[in-house]
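Enquirer: what's the 3D shape of this:
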Amino acid sequence: MLRIDWNVLFTVFNLLLLFILMKIFLFDRVKNVIAERQALADAKLKEADDTKAEAKKQMQDYQAQMKDIEKTREDTIREARESADKEYQKIINSANLKKQQIEEDAVTEATNKKNEILRKAQKEVKDLVMDAAGTVVGASVNDETNSKLYDEFLKKTGEEQ
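Expert: So this is what the prediction gives:
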């Protein structure tokens with residue numbers, strides 16, 4: 001038969017008392033420490049996620065800024081090239097205008113020199129013809145007659161050419 005001894009009852013009572021005391025003083029405090037550590041770990045994880053999200057946002061902002069900078073750089077280079085091309089065309093046009101002016105001036109000057117040389121040659125020829133005519137005809141011919149004779153001579157030689 002089964003007999004219950006007082007020792008068994010005291011052992012069960014001691015175990016129950018020990019369990020209750022451990023629950024009050026040990027398990028609850030351990031649970032609280034574990035809960036605090038869990039909350040701390042959750043806070044750190046949330047902080048890490050927030051930091052990661054912030055870093056990702058900053059990286060996107062940085063990439064957007066880099067794209068804007070690249071676009072600005074390309075626009076600046078394009079504008080500089082266009083400006084340089086316009087300046088180049090302006091210089092070329094100015095040089096062409098100067099070249100044309102120089103050519104026109106040279107042609108005008110050459111024409112003037114040619115006309116001056118022709119006038120001098122005509123005068124020399126006229127003087128020679130008058131001298132020759134004066135020698136052939138004699139001293140009785142005056143300057144006006146000589147001039148008329150010379151003009152006729154030039155007309156005839158101009159028609160033959």
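
Enquirer: CA only for contacts and neighbour counts going forward, please
Expert: Noted.

Enquirer: does anything pack onto the longest helix belonging to the chain? Which helices or strands?
Expert: The residue-count maximum for a helix in the chain (DSSP state H) belongs to helix 28-137. With contacts taken as 3 or more C-alpha pairs under 8 Å, 6 or more residues apart in numbering; DSSP states H and E, helix 28-137 sits against helix 143-160.

Enquirer: quick one: low-confidence parts of this protein?
Expert: The chain contains residues with pLDDT under 70 at 1-3, 133-143, 146, 157-161.

Enquirer: and the residue nearest the centre of this protein?
Expert: In the chain, the residue lying closest to the centroid (C-alpha atoms, centre = their mean) is residue 77, at 2.3 Å.

Enquirer: quick one: that residue from residue 64, how far?
Expert: 20 Å (C-alpha to C-alpha, to the nearest Å).

Enquirer: check whether residue 4 sits in a helix, strand or coil.
Expert: coil (DSSP: H, G, I helix; E, B strand; the rest coil).

Enquirer: who are the contact partners of it?
Expert: By C-alpha atoms under 8 Å, 6 or more residues apart in numbering, the contact set of residue 4 is empty.

Enquirer: please tell me how far residue 84 sits from residue 78.
Expert: For residue 84, the distance to residue 78 - C-alpha to C-alpha - is 10 Å.

Enquirer: cool, and residue 120?
Expert: Counting by C-alpha to C-alpha, the gap from residue 120 to residue 78 is 62 Å.

Enquirer: again with residue 12
Expert: 93 Å.

Enquirer: ok, now residue 13?
Expert: 94 Å.

Enquirer: also residue 128?
Expert: According to C-alpha to C-alpha, residue 128 stands 73 Å off from residue 78.
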